[in-house]
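Student: what shape does this take:
(chains A, B, C and D)
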4 protein chains.
Amino acid sequence: MSTAPQPEGGTQVHHIRVRYAETDQMGVAHHSTYIPWIEEGRTEWLRAQGRSYRSMEASGLILTVMTVSLRYRHPALYDDLIRIETWLGKKGGASLTFCYRLSLAEREGEEPGLLIAEAETRLGLVDGEGRPRRLPPDMLPGS
Amino acid sequence: MSTAPQPEGGTQVHHIRVRYAETDQMGVAHHSTYIPWIEEGRTEWLRAQGRSYRSMEASGLILTVMTVSLRYRHPALYDDLIRIETWLGKKGGASLTFCYRLSLAEREGEEPGLLIAEAETRLGLVDGEGRPRRLPPDMLPGS
Amino acid sequence: MSTAPQPEGGTQVHHIRVRYAETDQMGVAHHSTYIPWIEEGRTEWLRAQGRSYRSMEASGLILTVMTVSLRYRHPALYDDLIRIETWLGKKGGASLTFCYRLSLAEREGEEPGLLIAEAETRLGLVDGEGRPRRLPPDMLPGS
Amino acid sequence: MSTAPQPEGGTQVHHIRVRYAETDQMGVAHHSTYIPWIEEGRTEWLRAQGRSYRSMEASGLILTVMTVSLRYRHPALYDDLIRIETWLGKKGGASLTFCYRLSLAEREGEEPGLLIAEAETRLGLVDGEGRPRRLPPDMLPGS
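Tutor: From the prediction side, this is the model:
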């Protein structure tokens, strides 16, 4: 029986397939491409909470990235299917920290589950003019 | 009853969702991002023929892009679901021409079906050293 | 003595160096990266006419890309210095066609001058709401 | 008179200009584009030591990125000229830590010097098969 605390909003699972354009001449996905991948994971996490980031932004609630950290464990290869787990790590007054775990979901001749990378991003909430905003009380689960 | 000739290998339908990183400050998907999208369409077209481009390349059968032409019709927006239709337009001795039609599959408040773009790419078949190769007889449907 | 007509605004020369992130697993610059390169060439062509595209856009004069065509001649490699020549090919009432020629400027062990690619883009002039605008009389040389 | 220790190999200054394709719909350079920028800074740092990364890689000395961390301070805008300072932060047996400071070099109507971002990357040295290698004694200054 697990007593570990569940992250607020739960963990959202999303998959991406590595594009040819995302590889580099080392024969692996270039390390910069992970940022758009985890951004996609974050979008899907929000959607799972019933929030579309497109609508949020249109209504003047903008999440800006303040820090990113990435730890690369095993290379992702062209055509790999990558599983991205996204969860809310911490919720401050005007900031949110998201955590990500990327693992291999499908590659011919390889067991799924291989750890590809771990990442963390801290985001601030601002309005259309870039002024900090507090998280609206109803914005996220448990708020 | 249609008597229009069917393209060899048929038309393959694939979907992508526009990433935030793919937008530009005009508020639309930047026009360079369409190239990785249609490349993904081509990969899925090959997979539907029972060919993985990853395996093809690993066995020394490489498709290099010789020309690209793109006609942009309506902007694609962040979070749009885009439908990509891919078909084989022409098959030469050592080259393949692929055609693509991109249309809107899903956007809040918009009817699906809006034409986003049309594209065409001509690819040459080369080996690992970049020397032209002829299409193997069993390579593609109807070959 | 050349009697060939000079393109309006002349030919602007700009250089870019191929980034590692721009290569793919074929060991060459991915064909999608050429679009941001020629866009940089266009920006510098405009700057040479005394126009900053940043200011143009801020004042509601927006150039949207309607078509792109690219012909790849020889691969560009990581760390190559690429020379981009940009000139105005045609000027319509509300559209501009730009032409580009990319060639090798510097690669160890290679003569400069190798033709890398040729490209053409047609752009429409629109205002901030996406409505077509006519070219202002003073906008471009010879207008 | 400063007595602060000088980083080995010194600090290398490199400039990039923000491309239109690098902006996103928030009107700023997307945070993923900073990774190719600092990679360019690292390439120039190596070149200043008399090392071309292209030759290093060709000879089987490959630097793979193990971690990246980025702290975004002020947004970079389209057409900004960005100054990238790169220095070697730490040298382990088979790893190198590079540090980067990005600041504004040129934007109309803005004082240069604005801090854009700070970053750090840790790289491991591997051979062509991905096996860890020790830094060759003559590889870097002070080795």
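
Student: which residue ranges of chain A form strands?
Tutor: For chain A, the strands defined by DSSP state E occupy A:12-17, A:62-72, A:81-91, A:95-106, A:115-126.

Student: I'd like those as CSV, with distance to C:Y100 and mean neighbour count appended.
Tutor: Yep, even glycine has a C-beta here, placed from its N, CA and C like the rest. Converted to CSV, those look like this (distance: least, Cβ to Cβ, whole Å; neighbours: other Cβ atoms under 10 Å in any protein chain shown):
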stretch, distance to C:Y100, mean neighbour count
strand A:12-17, 32, 18
strand A:62-72, 33, 19
strand A:81-91, 35, 19
strand A:95-106, 37, 19
strand A:115-126, 37, 19
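
Student: got the ones you listed as CSV, with mean pLDDT and distance to A:H30 columns?
Tutor: Output for those, formatted as CSV (pLDDT from 0 to 100; distance: least, Cβ to Cβ, whole Å):
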stretch, mean pLDDT, distance to A:H30
strand A:12-17, 98, 14
strand A:62-72, 97, 11
strand A:81-91, 96, 14
strand A:95-106, 97, 14
strand A:115-126, 97, 12
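
Student: residues in chain A within reach of chain D, list them.
Tutor: A:25-26, A:31-33, A:35-36, A:39, A:57, A:62, A:64-72 (Cβ under 8 Å from any Cβ of the partner chain).

Student: can you tell me the closest non-neighbouring residue to A:T67?
Tutor: Nearest residue to A:T67, sequence neighbours excluded (Cβ to Cβ, 6 or more residues apart in numbering or on different chains): A:R122, at 4.6 Å.

Student: same question but for A:T33, I mixed them up
Tutor: A:T33 sits nearest to A:E22 (Cβ to Cβ, 6+ apart), 4.2 Å away.

Student: so for the one you found, what's the pLDDT?
Tutor: Looking at A:E22, its pLDDT stands at 98.

Student: with the one 4 residues further on instead?
Tutor: pLDDT, A:M26: 95.

Student: got it, and the one 10 residues further on?
Tutor: Confidence at A:P36, expressed as pLDDT, is 98.

Student: touching, it and B:T23? I think so.
Tutor: No - applying Cβ atoms under 8 Å as the test, A:P36 and B:T23 come out as separate, 11.0 Å apart.

Student: between these two, which is the more surrounded one?
Tutor: Higher neighbour count among A:P36 and B:T23: B:T23, with 23 against 18, using other Cβ atoms under 10 Å in any protein chain shown.

Student: and the nearest residue to that one once chain neighbours are set aside, how many neighbours does it have?
Tutor: Once flanking residues are discounted, B:T23 sits nearest to D:Q25: 4.0 Å by Cβ to Cβ, 6+ apart. Using other Cβ under 10 Å, D:Q25 has 20 neighbouring residues.

Student: hmm, back to that, list the contacts for the residue nearest to A:T33?
Tutor: A:E22 sits next to A:A29, A:H30, A:T33, A:Y78, B:P36 when contact means Cβ atoms under 8 Å, 6 or more residues apart in numbering or on different chains.

Student: ditto for A:H31
Tutor: A:L70, A:Y72, D:I35, D:V65, D:V68.

Student: okay, it: pLDDT?
Tutor: Reading off the model, A:H31 has pLDDT 98.

Student: still on that earlier bit, so which of the contacts of A:E22 belong to helices?
Tutor: Using DSSP state H to define helices, the subset of the contacts of A:E22 located there is B:P36.

Student: what's the offset of stretch A:69-77 from the middle of its chain?
Tutor: 14 Å (Cα atoms, centre = their mean, to the nearest Å).

Student: tell me how far the closest residue in space to A:Y72 that isn't next to it in sequence lies from A:R71.
Tutor: Of all residues not flanking A:Y72 in the chain, A:A117 sits nearest, at 5.1 Å (Cβ to Cβ, 6+ apart). Between A:A117 and A:R71 the computed distance is 6 Å (Cβ to Cβ, to the nearest Å).

Student: cool, and A:T121?
Tutor: In terms of Cβ to Cβ, A:T121 sits 13 Å off from A:R71.

Student: show me what from chain A comes close to chain C.
Tutor: Near chain C, when you scan chain A using Cβ under 8 Å from any Cβ, you find A:Y20, A:A21, A:T23, A:D24, A:Q25, A:M26, A:G27, A:V28, A:H30, A:S32, A:Y78.

Student: just the buried members of those residues?
Tutor: A:Y20, A:A21, A:T23, A:D24, A:Q25, A:M26, A:V28, A:H30, A:S32, A:Y78 (16 or more other Cβ atoms under 10 Å in any protein chain shown).

Student: hmm, the third one is touching C:Q25, no?
Tutor: In other words, A:T23. Yes - between A:T23 and C:Q25 there is a contact under Cβ under 8 Å: 4.0 Å.

Student: now list whatever residues contact both of those two.
Tutor: A:Y78.

Student: show me what from chain A comes close to chain B.
Tutor: A:17, A:19-22, A:35-36, A:39-40, A:43, A:52-55, A:77-79, A:108.

Student: let's see it at 10 Å
Tutor: Contact residues, chain A versus chain B (Cβ under 10 Å from any Cβ of the partner chain): A:16-22, A:32-33, A:35-37, A:39-40, A:42-44, A:47, A:52-55, A:57-58, A:63, A:77-80, A:107-108.

Student: before we move on, the earlier item: okay, and the common contacts of A:P36 and B:T23?
Tutor: Applying Cβ atoms under 10 Å, 6 or more residues apart in numbering or on different chains, one finds that A:P36 and B:T23 are jointly contacted by D:H30.

Student: list the contacts of A:F98.
Tutor: A:7, A:38-39, A:41-42, A:45-46, A:63, A:65, A:86-90, A:119-123.

Student: how close does it sit to A:E22?
Tutor: 21 Å.

Student: cool, and A:V65?
Tutor: Counting by Cβ to Cβ, the gap from A:V65 to A:E22 is 20 Å.

Student: same thing with A:T11?
Tutor: 24 Å.

Student: before we move on, what about A:T43?
Tutor: 18 Å.

Student: what do you get for A:G124?
Tutor: 28 Å.

Student: what do you get for A:Q12?
Tutor: Following Cβ to Cβ, the distance that separates A:Q12 from A:E22 is 22 Å.

Student: now swap in A:Q49 and tell me
Tutor: A:Q49 is 28 Å from A:E22, by Cβ to Cβ.

Student: quick check, A:D127 in contact with A:R133.
Tutor: Yes - using Cβ atoms under 10 Å, A:D127 is in contact with A:R133, at 5.2 Å.

Student: mutual contacts of those two, please.
Tutor: Common neighbours of A:D127 and A:R133 (Cβ under 10 Å, 6+ apart) are A:G60, A:L61, A:I62.

Student: which residues touch the first one?
Tutor: So that's A:G60. Per Cβ under 10 Å, 6+ apart, neighbours of A:G60: A:V126, A:D127, A:G128, A:E129, A:R133.

Student: name the nearest residue to the first one, sequence neighbours excluded.
Tutor: Take A:V126 and drop its neighbours on the chain: the residue closest to it by Cβ to Cβ, 6+ apart is A:I62, 5.1 Å away.

Student: now the third one
Tutor: Taking Cβ to Cβ, 6+ apart, and ignoring the residues beside it in sequence, A:G128 has A:G60 as its nearest neighbour in space, at 4.6 Å.

Student: for the residue lying closest to A:P36 once chain neighbours are set aside, what are its contacts?
Tutor: Closest residue in space to A:P36, ignoring its immediate chain neighbours: B:A21 at 4.0 Å, by Cβ to Cβ, 6+ apart. By Cβ under 10 Å, 6+ apart, the contact list for B:A21 reads A:32-33, A:35-37, A:39-40, B:30, B:33, B:78, D:22, D:24, D:30-33.

Student: any idea how far A:R83 is from B:A21?
Tutor: In terms of Cβ to Cβ, B:A21 sits 20 Å off from A:R83.
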